[in-house]
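Engineer: Fold the following for me, if possible:
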Amino acid sequence: MALLLSLISTDGATDPSPSDAERLMDSIRVLSQITTGQKLLKLAQTQWGLTHSHEVVTKFRFGDVSRTDAVLTRHFSPSTGKEVREREVTIYLRRDQGLDEQVLDIAHELTHATSGPSWDPYDPELTAASYIRASLEAPGGEVDALVNECRVASELENHFGRANALNVSYGRCRRYRTEAGLIDRERVVADFYRVGPWKSPLQQTLGADAKMFRYLSGKTPQLYSSTGQAPYPVALLKEYGEITDLACRNSRKRLVQSGVAPSDRKIASQAERFVTKRCR
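Structural biologist: Numbers count the residues shown, from 1 in each chain. Below you'll find the predicted structure:
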């Protein structure tokens, strides 16, 4: 699932057990043998200031679904009016996966985790449509994550041979492979916008902004969000509402703490603009 703002409960999430930790290290070692895996691990090592690529395991936890969770902490000084933001990333992996599934899962989630956020939850101009599009198509979004996952699957096959490629399931990746063995990104993009019977309700909710999505289709969905249990655009629409509600509560609290009333239109602060533009 896409990079989240710590909105989903972490109940049931745990640190790796000894056996989980061993399997996690096995997965990292497998990834380190192929090109796409090496790039992802090196990028993570650089961004997180690690000495060795295998130290990325410190960012992993186990839970009911796989996702990358980003906690955005804002430090605001009423006296100076300045704000400093800190972003901490944690990767959750679904429990009870085989080695093959876990290798692909890690590649997928590292794509999210090593890309900076393509949207700002406190942006007064952020809309549901722009959030959906950024979450899917921006660098490090769901499209890139699936493309990298499929590249890893192909590289494992090339490296170990089909019979020994960790029994990786190439099911959903097969439809995106060209005759040359490459992953067709446009096919991936199109599949993310297949929403089946949700098309009409989604268009009604988004209004004119629905025109942003050239691939939006009523065809049978191929890709479902593991956290939203629905096609990605539908799950992301709900997620946008949750993120907005949380950001509104935080912004209103900040205004109260700084002695600024939300109804005071004379103070040109970002928090006030945000509350005015996006909060009910």
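Engineer: Just the buried positions in stretch 192-201, please.
Structural biologist: The neighbour-count check on stretch 192-201 (16 or more other Cβ atoms under 10 Å) flags 192-195, 198-199 as buried. C-beta here means a position set from N, CA and C on the backbone, and glycine is covered the same way.
Engineer: Tell me the one among the residues you listed nearest to Ser66.
Structural biologist: Ser66 lies nearest to Phe192 out of the buried residues of stretch 192-201, by Cβ to Cβ, at 16.9 Å.
Engineer: just checking, the closest one touches Arg133?
Structural biologist: No. Contact criterion Cβ atoms under 8 Å: Phe192 and Arg133 do not qualify, at 10.3 Å.
Engineer: that's a helix at Val89, yeah?
Structural biologist: No. Val89 sits outside any helix when classified using DSSP: H, G, I helix; E, B strand; the rest coil, being strand.
Engineer: Okay, it and Leu237: tell me how far apart.
Structural biologist: Counting by Cβ to Cβ, to the nearest Å, the gap from Val89 to Leu237 is 24 Å.
Engineer: Also Ser217?
Structural biologist: Counting by Cβ to Cβ - Ser217 and Leu237 are separated by 16 Å.
Engineer: Neighbour count for the two, which is higher?
Structural biologist: Legend: neighbour count by other Cβ atoms under 10 Å for Ser217 and Leu237, higher for Leu237 (20 against 15).
Engineer: ok, which stretches of the stretch 151-280 of the chain are strands?
Structural biologist: For the stretch 151-280 of the chain, strands defined by DSSP state E, counting those that start in this stretch do not occur.
Engineer: Can you show me the helices along it?
Structural biologist: Remark: helices assigned in the stretch 151-280 of the chain by DSSP state H, counting those that start in this stretch are 171-174, 185-192, 199-206, 232-257, 270-278.
Engineer: So, low pLDDT: which residues of the stretch 101-250 of the chain?
Structural biologist: 161-171 (pLDDT under 70).
Engineer: Can you name the helix or strand that the nearest residue to Leu126 once chain neighbours are set aside falls in?
Structural biologist: Spatial nearest neighbour of Leu126, excluding adjacent residues (Cβ to Cβ, 6 or more residues apart in numbering): Trp119 at 5.9 Å. For Trp119, there is no enclosing helix or strand under DSSP states H and E.
Engineer: What is the neighbour count of the closest residue to Arg175 other than its chain neighbours?
Structural biologist: Spatially, and ignoring its direct neighbours in sequence, Arg175 is nearest to Arg187 (6.9 Å; Cβ to Cβ, 6+ apart). A count of neighbours around Arg187, defined by other Cβ under 10 Å, yields 14.
Engineer: I'd like the distance between the closest residue to Gly228 other than its chain neighbours and Ser53.
Structural biologist: Once flanking residues are discounted, Gly228 sits nearest to Ala235: 2.4 Å by Cβ to Cβ, 6+ apart. Distance of Ala235 to Ser53, computed by Cβ to Cβ: 32 Å.
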